[in-house]
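# With the sequence up front, the predicted model follows.
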Amino acid sequence: MAIVWAIALAKLLFHIYFNNRYGYFRDEFNYIVCGNHLQWGYVDQPPLIPFLVRICRSVLGDSLRSIRFIPALASSLLVVQTAVLGRELGGRRFAVVLSAICAVVVPQYLSNGSLLGTNCLEPNLWMGCAYFAILSIRRNDPRYWLWFGVAAGVGMEEKYSIAVFGFGIVVGLLLTEQRRAFADKWIWLGGLAAFLIFLPNLLWNIRYDWPFVQLIHNIKADGRDVVLGPAQFLWQQILLVNPLTLPIWLRGLLFLLFSARLRPYRFLGWCYLVCYAVFFVLHGKIYYLAPVYPMLLAAGAVVIGGRLTDGRKLERMDRPTSVRTAGGGACSG
């Protein structure tokens with residue numbers, strides 16, 4: 001993990017150094033203005049990002065590096081989160097470091113760390129939920145579902161799309177042996193925690209006649225959605241996550257779905273398929289699915305790392321045998 005933290009720190013310094021090399025993005029002005037008028041919701045977003053921008057500007061000033069500090073920090077911490085997911089899935093040193101490197105080279109996450117937007121914290125919150133779900137299974141402790149709910153509730157205050165991830169987790173649990181989690185009170189308490197954290201924004205939307213829903217409806221009515229075919233949508237996913245990482249995250253998905261080794265976490269594979277299907281059918285933007293890939297990259301790194309480790313063990317087992325044989329021959333001679 002020391003190597004992983006060093007990689008994350010290097011990424012943070014990289015973003016901080018380069019994040020003032022180009023001007024404000026138009027959406028950043030929106031978040032800044034919303035931060036000047038704090039409330040529990042806005043027409044096009046929940047309140048968390050404007051609130052964080054307000055804090056950054058109060059502490060660090062109005063510079064580009066200031067308003068982009070949260071994205072830089074979040075993108076860098078995602079490196080650590082991906083590595084931790086790899087470790088919790090059973091990966092050893094190689095798998096953990098490979099998971100971190102994969103998170104570094106994903107173009108979408110580099111973009112998230114370079115611009116202020118509602119995308120910047122999405123992967124962190126989605127993978128926070130995945131982390132607590134994994135812990136609940138690995139440590140056989142259903143209390144982690146409460147923390148899953150807390151992370152999901154905070155995610156709803158950051159961007160509503162985390163609801164799709166939560167739906168994917170529920171479907172994945174129902175389709176696997178982990179459906180027994182619904183017989184325990186903690187997963188329901190987690191759902192209650194998510195609802196209570198989201199409640200202020202929900203009440204705001206009710207009070208103002210669901211402005212976000214009206215916005216989405218008007219966008220669809222105006223025909224502004226970009227509709228992609230199945231092949232185009234898949235290709236865009238490959239590009240967003242870097243074609244070089246395709247063999248890793250695709251292997252991770254397949255092993256989550258079919259491997260006996262990762263069978264306890266099969267619900268994560270189903271979760272991805274559900275999220276993919278929902279965003280494709282609803283014509284979601286291509287980057288809406290991007291926050292889900294760290295768990296697939298981590299799973300793929302664990303599989304690759306495990307195979308390399310097994311191979312090295314075989315080599316080490318062979319070498320002493322050959323040495324002993326050679327030594328024995330010399331003695332007998």
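Nice, I can see it.
# From now on I want contacts and neighbour counts done on CA atoms only, so please keep to that.
Fine.
# for the helix or strand where L239 lies, packing partners?
Here L239 is covered by helix 230-241, with elements defined by DSSP states H and E. Based on contacts counted as 3 or more CA pairs under 8 Å, 6 or more residues apart in numbering; DSSP states H and E, the elements that helix 230-241 packs against are helix 107-112.
# Alpha carbons of the helix or strand just after the helix it packs on, in PDB - could you do that?
Next helix or strand after helix 107-112 toward the C-terminus (DSSP H and E): helix 122-138. Provided in PDB are the C-alpha atoms of helix 122-138 (Å, rounded to 0.1, in the frame of the first residue of the first chain):
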ATOM      1  CA  GLU A 122     -19.000   9.700  -8.500                       C
ATOM      2  CA  PRO A 123     -16.400   6.900  -8.700                       C
ATOM      3  CA  ASN A 124     -15.400   7.400  -5.100                       C
ATOM      4  CA  LEU A 125     -18.900   7.100  -3.800                       C
ATOM      5  CA  TRP A 126     -19.900   4.200  -6.000                       C
ATOM      6  CA  MET A 127     -16.700   2.300  -5.000                       C
ATOM      7  CA  GLY A 128     -17.300   3.300  -1.400                       C
ATOM      8  CA  CYS A 129     -20.600   1.400  -1.700                       C
ATOM      9  CA  ALA A 130     -18.900  -1.500  -3.400                       C
ATOM     10  CA  TYR A 131     -16.200  -1.600  -0.700                       C
ATOM     11  CA  PHE A 132     -18.700  -1.900   2.100                       C
ATOM     12  CA  ALA A 133     -20.700  -4.500   0.200                       C
ATOM     13  CA  ILE A 134     -17.500  -6.600  -0.300                       C
ATOM     14  CA  LEU A 135     -16.600  -6.200   3.400                       C
ATOM     15  CA  SER A 136     -20.000  -7.400   4.500                       C
ATOM     16  CA  ILE A 137     -19.400 -10.600   2.500                       C
ATOM     17  CA  ARG A 138     -15.700 -11.200   3.200                       C
END
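# In terms of secondary structure, what does helix 122-138 contact?
So helix 122-138, by 3+ CA pairs under 8 Å, 6+ apart, packs with helix 69-88, helix 144-156, helix 162-174, helix 293-332.
# how does it look with 10 Å?
helix 69-88, helix 107-112, helix 144-156, helix 162-174, helix 266-281, helix 293-332 (3 or more CA pairs under 10 Å, 6 or more residues apart in numbering; DSSP states H and E).
# circling back: mean confidence for the helix holding L239?
Across helix 230-241, pLDDT averages out at 94.
# Quick one: mean pLDDT for whichever helix or strand comes after that helix?
Downstream of helix 230-241, the next assigned helix or strand under DSSP H and E is helix 246-258. Helix 246-258 comes out with an average pLDDT of 95.
# Report the distance from helix 246-258 to the chain centre.
16 Å (CA atoms, centre = their mean, to the nearest Å).
# For that helix, buried residues please.
L246, I248, W249, L250, R251, G252, L253, L254, F255, L256, L257 (16 or more other CA atoms under 10 Å).
# Okay then, goodbye and thanks.
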